[in-house]
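K.L.:
quick one: sequence and predicted model below, then my questions.
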Amino acid sequence: MYEHQYTNHEIIYTMQCTKFNMNIYNFLKLMGLCLLAAMCVQCSPIHTAQQMLMDSQRVDPSKDVYRVGFYNVENLFDTIDSPLRKDDDFTPQGRNQWTTERYEKKLADLAKIIDKMGQPTLLGLSEVENSRVCRDLARQEVLKAARYIPIHQQSPDFRGIDVALMYKKDDFKVQTSDLIRIDFPAEIVEDYTTRDILYVQGVLDGFEVIHIFVNHWPSRRGGAEASEPKRVYVAQQLRKHTDKILADDPDAHIVMMGDFNDETDNKSTKEILGGDFMNCMSKLDQEGKGTYNYKGDWSMLDHIIVSDALASGKWRLKALEGVVFREEWMMFKSEKYGPTPNRTYGGPNYYGGFSDHLPVYVDLIAR
């Protein structure tokens, strides 16, 4: 076999090329680090550190990532007056002068946030009027590639707002959906209706069965302590359903999401929904972060809670820690209270913002 004998000139030339290539490599590596640092400076402190951790996990091509999100979209009404809904304020002639132009702007703004969130595979929504507004949201140009399908059922909420779930039809197949009716006993409250809980069972990526509960619990109107029994009661009804699932399958994949109007250390979330569940927002709540700002005080009212099987990654899927999605362009900079979510309305005053809540999400890593 012929074997090439390298000359001194070829050896020197090869060494020079190697040195040149190494210089190019080091230069490009330095530029990459500088670019990464610049990106980190511009990003929100809540979103960035956790996002970098999850992005590093996504580098492994053997892992799939399914993002599960929730967003209270603050009064997403259409402009049509419905005799069955308390929506008079959200019509062109109503108190809020809710015109087609304002409605379309709201849809575009929400779609922008959902897109920047990474277009979650499963996205729970609260404060939506009906199925139509969910479909209109899913049809926004930046979301068309996600091929979202909404699930919504009418509930008896006195404000005329419900919860919904949007899912990517290519990644999630619905097996069943239903509403968990919330009827308060007289000893807790009389003549009061709230949002029902939306339950969806489906198959993720072909073979992972997921049980999803989308919530929007009673508000703190009248004070957190005085209104707490209502939220505790809803938590108890939710727990009854999750207990039934766990009795049949102790390793069931369960995700509870929503605007709970309680924080992670309240009785409803910590005691009733504790034990064999993990609240993915607890760490951020302990750090003083939140999704809702009242006069400068942040509260973690929006949660994603997962069963032990997802928290531990016992089987194929493992849930990471929760993330509050927050970017500077989503915030209103109050001189008195600092940055707060840029809301659409304050009473009858139109501000043209996104929502009074920040969205949250959790990534499920498939191993």
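P.N.:
All right, it came through fine. Numbering: from 1, shown residues only.
K.L.:
for this protein, give me the ranges with low pLDDT.
P.N.:
By pLDDT under 70, the weakly predicted segments of the chain are 1-63.
K.L.:
top strand in it by residue count?
P.N.:
strand 64-76 (DSSP state E).
K.L.:
may I have that one exported as CSV, CA atoms only?
P.N.:
Taking C-alpha atoms only, strand 64-76 is exported to CSV below (Å, rounded to 0.1, in the frame of the first residue of the first chain):
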residue,chain,number,x,y,z
ASP,A,64,-38.4,15.9,23.8
VAL,A,65,-39.8,18.9,25.6
TYR,A,66,-43.5,19.6,26.1
ARG,A,67,-44.3,23.0,27.5
VAL,A,68,-47.4,23.4,29.7
GLY,A,69,-48.6,26.9,30.3
PHE,A,70,-51.4,28.9,31.9
TYR,A,71,-52.5,32.5,31.3
ASN,A,72,-55.2,34.6,32.8
VAL,A,73,-56.0,36.8,29.8
GLU,A,74,-58.1,39.4,31.6
ASN,A,75,-61.6,39.6,30.2
LEU,A,76,-61.3,38.3,26.7
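K.L.:
neighbouring strands - and their directions - for that strand?
P.N.:
Partners of strand 64-76 in the sheet, by DSSP bridges, are strand 122-128 (parallel), strand 360-366 (antiparallel).
K.L.:
contacts only, for Asp276.
P.N.:
By Cβ atoms under 8 Å, 6 or more residues apart in numbering, the contact list for Asp276 reads 246, 307-308. All C-beta spots, glycine's among them, are computed from the backbone N, C-alpha and C.
K.L.:
sorry, slip of the keys, the one I care about is Gly322.
P.N.:
279-281, 283-284, 303-304, 360-362.
K.L.:
the stretch 201-350 of the chain: strands as residue ranges?
P.N.:
Remark: strands assigned in the stretch 201-350 of the chain by DSSP state E, counting those that start in this stretch are 208-216, 253-259, 277-279, 292-294, 297-299, 302-307, 317-319, 323-324, 331-334, 338-341, 345-346, 349-350.
K.L.:
turn these into CSV, including distance to Gly69 and mean neighbour count.
P.N.:
As requested, the strands of the stretch 201-350 of the chain are exported to CSV (distance: least, Cβ to Cβ, whole Å; neighbours: other Cβ atoms under 10 Å):
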stretch, distance to Gly69, mean neighbour count
strand 208-216, 11, 22
strand 253-259, 8, 26
strand 277-279, 16, 21
strand 292-294, 16, 18
strand 297-299, 19, 15
strand 302-307, 8, 26
strand 317-319, 13, 21
strand 323-324, 9, 24
strand 331-334, 19, 14
strand 338-341, 16, 17
strand 345-346, 23, 15
strand 349-350, 26, 12
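K.L.:
how about those strands, which one is nearest Tyr233?
P.N.:
strand 208-216 (12.7 Å; Cβ to Cβ).
K.L.:
just to revisit the earlier point, now the contacts of Asp276 in CSV, with distance to Tyr351?
P.N.:
Output for the contacts of Asp276, formatted as CSV (distance: Cβ to Cβ, whole Å):
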residue, distance to Tyr351
Leu246, 43
Ser307, 39
Asp308, 42
